[in-house]
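J.: Fold the following and give me the result.
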Amino acid sequence: MAMSNFLSPTTPLRLFHQPTLHHSSPLSLPHHSLLSTKPRKLLLTTTHSKGGDDSVDVPDRLIAAVFYFYPFFDGIQYGKFVITQFTAIQALINPLVPAIRVFKSFPFNGFLVFLTLYFGVVRNQNFSRYVRFNTMQVIVLDVLLIFPDLLERSFNPRDGIGLDLMMSLDSTVFLFLLVSLIYGSASCLLGQVPRLPIVAEAAERQVP
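T.: Numbers count the residues shown, from 1 in each chain. Reported below is the predicted structural model:
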């Protein structure tokens, strides 16, 4: 019941490794080595980025994982149709309701968090690139929420096919945010680098 009231429809919305061949003088090579046809094995190794496994400090993992809640909280209103229809999603969201209420309690909280993350984390060289990259992904994901918000404010249909389309759009946005939260946070906790579609490329351009 708490979630239904809270989310009512009136809520505002590598480089490839190329082995270097060290050539010695032809005169110093044994005759049999020049004529040898014995196949040689090529050893391929995988280069792990800094975001893999144990290479990321635990505090960095936790910080990056928590930041993925920001766009989810900011776009929770898009789930007003999905959450009321599926009890499993209600059960998943209910523990987050107090934090969501605090986040939504002040109209400018989202913007203040945006400024804090961008200037306090992304542009702060004291944080590792792992944290700054994931933070930038979170920011880009939140910025993308502008587009469905503009559509909803521009049309805001009350019934008919227009309402059906808007419900589908809102539900799609919400599910993408939910998947991004689960995938992003879980990957960070494991020390891996989550790469969200479209978002990852934009984030890489902003984080040197």
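
J.: low pLDDT regions in this structure?
T.: Within the chain, the stretches falling below the threshold (pLDDT under 70) are 1-54.

J.: cutoff 80 now
T.: 1-54, 156-159, 208 (pLDDT under 80).

J.: where do the helices sit along this protein?
T.: Taking DSSP state H as the test, the helices found in the chain are 2-6, 31-35, 58-67, 69-74, 80-85, 87-93, 97-104, 109-117, 129-143, 146-155, 160-189, 199-206.

J.: so which of those helices comes closest to residue 123?
T.: Distance to residue 123, taken as CB to CB, is lowest for helix 129-143 among the helices of the chain, at 8.2 Å. C-beta here means a position set from N, CA and C on the backbone, and glycine is covered the same way.

J.: so what's residue 133 closest to, chain neighbours aside?
T.: Closest residue in space to residue 133, ignoring its immediate chain neighbours: residue 207 at 4.9 Å, by CB to CB, 6 or more residues apart in numbering.

J.: The one you found: what's it in contact with?
T.: Counting by CB atoms under 8 Å, 6 or more residues apart in numbering, residue 207 makes contact with 122, 129, 132, 133, 136.

J.: rewinding a little: the helices of the chain into TSV, with extra columns for mean neighbour count?
T.: As requested, those are exported to TSV (neighbours: other CB atoms under 10 Å):
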stretch	mean neighbour count
helix 2-6	14
helix 31-35	7
helix 58-67	18
helix 69-74	22
helix 80-85	18
helix 87-93	14
helix 97-104	14
helix 109-117	14
helix 129-143	23
helix 146-155	13
helix 160-189	16
helix 199-206	16
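
J.: Residue 171 is in contact with residue 79, correct?
T.: Yes - between residue 79 and residue 171 a contact is recorded at 7.5 Å, counting by CB atoms under 8 Å.

J.: Quick one: residues contacting residue 121.
T.: Contacts of residue 121 were listed using CB under 8 Å, 6+ apart, and they are 67, 127, 131, 132, 135.
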